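Colleague: sequence-free structure coming up:
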């Protein structure tokens with residue numbers, strides 16, 4: 001089965017707990033297999049989402065917002 005990698009930039013994450021919150025919300029989305037976060041504390045962090053199908057920018061944005069953060073740029 002092929003996977004789709006989606007990279008988004010998220011602002012406001014400052015610590016491991018932030019990473020956990022965002023990862024948890026994104027992993028709850030249908031088809032998401034893995035979430036990798038390159039934390040840039042206090043700046044813009046890079047989040048790479050690996051899923052079995054393409055994810056819409058709106059569902060990613062909503063999941064990140066649910067965790068209390070904001071997607072600032074979607075490179076997908």
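Modeller: That came through, no problem. Here the structure is a predicted model, which is why all the values come from computation and not from measurement.
Colleague: Point out where the protein drops to low pLDDT.
Modeller: In the predicted model, the chain carries pLDDT under 70 at residues 1, 73-76.
Colleague: give me the element the residue nearest the centre of the chain is part of.
Modeller: Against the mean C-alpha coordinate of the chain, by Cα atoms, centre = their mean, the closest residue is residue 47 at 4.7 Å. Secondary structure assigned from DSSP states H and E places residue 47 in strand 44-51.
Colleague: which of the residues in that strand are buried?
Modeller: Across strand 44-51, burial judged by 16 or more other Cβ atoms under 10 Å covers 45, 47, 49, 51. For the C-beta atoms, the positions are set from N, CA and C on the backbone; glycine is no exception.
Colleague: dump the residue contacts of the third one.
Modeller: Looking back up the chat, that one is residue 49. Taking Cβ atoms under 8 Å, 6 or more residues apart in numbering as the criterion, residue 49 is in contact with 5-8, 26, 32, 34-35, 55, 60.
Colleague: Good, wrapping up.
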